[in-house]
Structures are given as structure tokens and as C-alpha cells.
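# I need the structure of the sequence given here:
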Amino acid sequence: MPVIFICFIVFILWFRVKSKQADKLSNNPKEEFLKREQEANFTRKKDISNLNYFAVPEGVLPFLETDDEEEARLQGNVKNIMSRKMINLSGMTNTDIKLEYGHANLDILSEYDQNFSMFLASLDRWGGYLYTKGDTYRSMQVLEYAIANESDITSTFTTLAKVYVDVNKPEKIQSLIDKAVNSDFFMKDTIVSKLVRIVQDFT
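Numbers count the residues shown, from 1 in each chain. Have a look, this model is predicted:
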């Protein structure tokens, strides 16, 4: 799948999440929402050099030299995104970002936030591919890392659940269900229902 198309899909998903978060605010009185947005648009630029940017510790992900061209491509995508600056702002609307860091920082922080979303999407594709080729434990390592870092991608959860079944650890699926239930993920209901179905099929 072309990288440009993948980036477009990630942007659309990111935009939907941000829109949903903004919709929650719009349920407040209109005057309050407009007041916050106006204040945000006039908030001065703040120093963002010391924010909690996301970085992957060396050795955490199971990169290997491989003759498999598809896996090499997927690993390359992950490494490419890892080289960019990333930050997880999934709990913030655009208005929140402007109020906290200044209107002038919105575009650059949005880019860093999208980089983080693309990183999680790349982990999902890599982990899913490892699973399909039978590399179960490396798949588990990749997908568990994604979920530990707040991935909300449905296939990351469901593929990891299948991994747990394959390695005779079906009881670990409950922790995935609990994580989804207690989240504010856009697709939380879908994630939970699919995980429950995997448990039912196993039993």
C-alpha cells in the first residue's frame, strides 16, 4: 500500500478523533465554547522544547535483518517514523492544544501528534504481518508495545488476542477487554465486542 495513501488514512482517522473530542465541547453552552475558542486563538506561543515527546528505547522492538521484502518494508516504515518527533495528544482537542501551548504551535504539535498515530498504525501492520507468517512471539512483542502506549486500533487488540490464544494464554485477553472498557477510544464498543467473540470462539 503506498505510503502516501497510508498517511492519508491515518490523517482521516486522526481528524475523526479530534472532531469527536471537539463535539463533546460543543455540547456545552455555545457561549462557553466560543469563549474558549476565542481565548485559544489569542494565546501566546509557549516553549514546547521540553514537552514529554515520545521516544522508543533501544532494543524494545524486535527488529531483525530479513530477506522477507514485505517485513523489511514494514520495519523500515516503523524506523522511519521513529526518526521523527512524536507526541501523544489524543486526549486534547485543537482548542485545548492552543490554550495550553499557544495558537502558533498548533500546526507543529498536530504534526507530531499525527506522527505518533502513524507510528501506532505502523506497529499494527508490522505485528499483524508477523502473525500471519507465524512469527507469533515477535508479533506479540510488537502489538503489546503498541497497546502499552495507548493504541486504539481495533486490529491491534484482536490480533494480539489471537496471539494469546495461540500461545495458550487466553486469560490475558481479559486485560485487553478491561483496557478497552475503561478507555475513551472512538471504537471501544467494537473492540470489546470482537474480543468477547474471540473468547467465546475459544471456549
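
# what are the structural domain limits within this structure?
Taking automatic domain parsing as the domain assignment, the ranges for the chain are 3-26+34-145, 152-203.

# so how far is the last one from its chain's centroid?
Relative to the mean C-alpha coordinate of its chain, domain 152-203 is positioned 16 Å out (Cα atoms, centre = their mean, to the nearest Å).

# ok, the longest one next?
Here the centre of domain 3-26+34-145 is set off from its chain's centre by 6 Å, with Cα atoms, centre = their mean.

# the nearest residue to residue 153 once chain neighbours are set aside in helix, strand or coil?
For residue 153, ignoring the flanking residues on the chain, the nearest one in space by Cβ to Cβ, 6 or more residues apart in numbering is residue 124 at 4.8 Å. No exception for glycine: its C-beta is placed from N, CA and C like everyone else's. Secondary structure of residue 124, reduced to three states by DSSP: H, G, I helix; E, B strand; the rest coil: helix.

# if I look at residue 124, how far off is residue 159?
From residue 124 over to residue 159 the distance is 8 Å, taken as Cβ to Cβ, to the nearest Å.

# mutual contacts of those two, please.
Common contacts of residue 124 and residue 159, defined by Cβ atoms under 8 Å, 6 or more residues apart in numbering, comprise residue 143.

# format the domains of the chain as TSV; extra columns: mean neighbour count.
TSV is the format used below for those (neighbours: other Cβ atoms under 10 Å):
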stretch	mean neighbour count
domain 3-26+34-145	16
domain 152-203	17
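
# quick check, central residue of this protein?
The centre of the chain sits closest to residue 151, judged by Cα atoms, centre = their mean, with a distance of 3.7 Å.

# for that one, give me its contacts.
For residue 151, the set of contacting residues under the criterion of Cβ under 8 Å, 6+ apart consists of 120, 123, 124, 157.

# on that earlier part again, which pLDDT value belongs to the residue nearest to residue 153?
pLDDT for residue 124: 98.

# measure the most far-flung residue of the chain relative to its centre to residue 43 for me?
Here the centre of the chain is the reference, and by Cα atoms, centre = their mean the most remote residue is residue 31, at 32.7 Å. Distance of residue 31 to residue 43, computed by Cβ to Cβ: 19 Å.

# nearest residue to residue 108 other than its sequence neighbours?
Computed as Cβ to Cβ, 6+ apart, the closest residue to residue 108 that is not its neighbour in sequence is residue 48, at 7.6 Å.

# how about the contacts made by residue 40?
Applying Cβ under 8 Å, 6+ apart, one finds that residue 40 lies in contact with 95, 96, 98, 99, 103.
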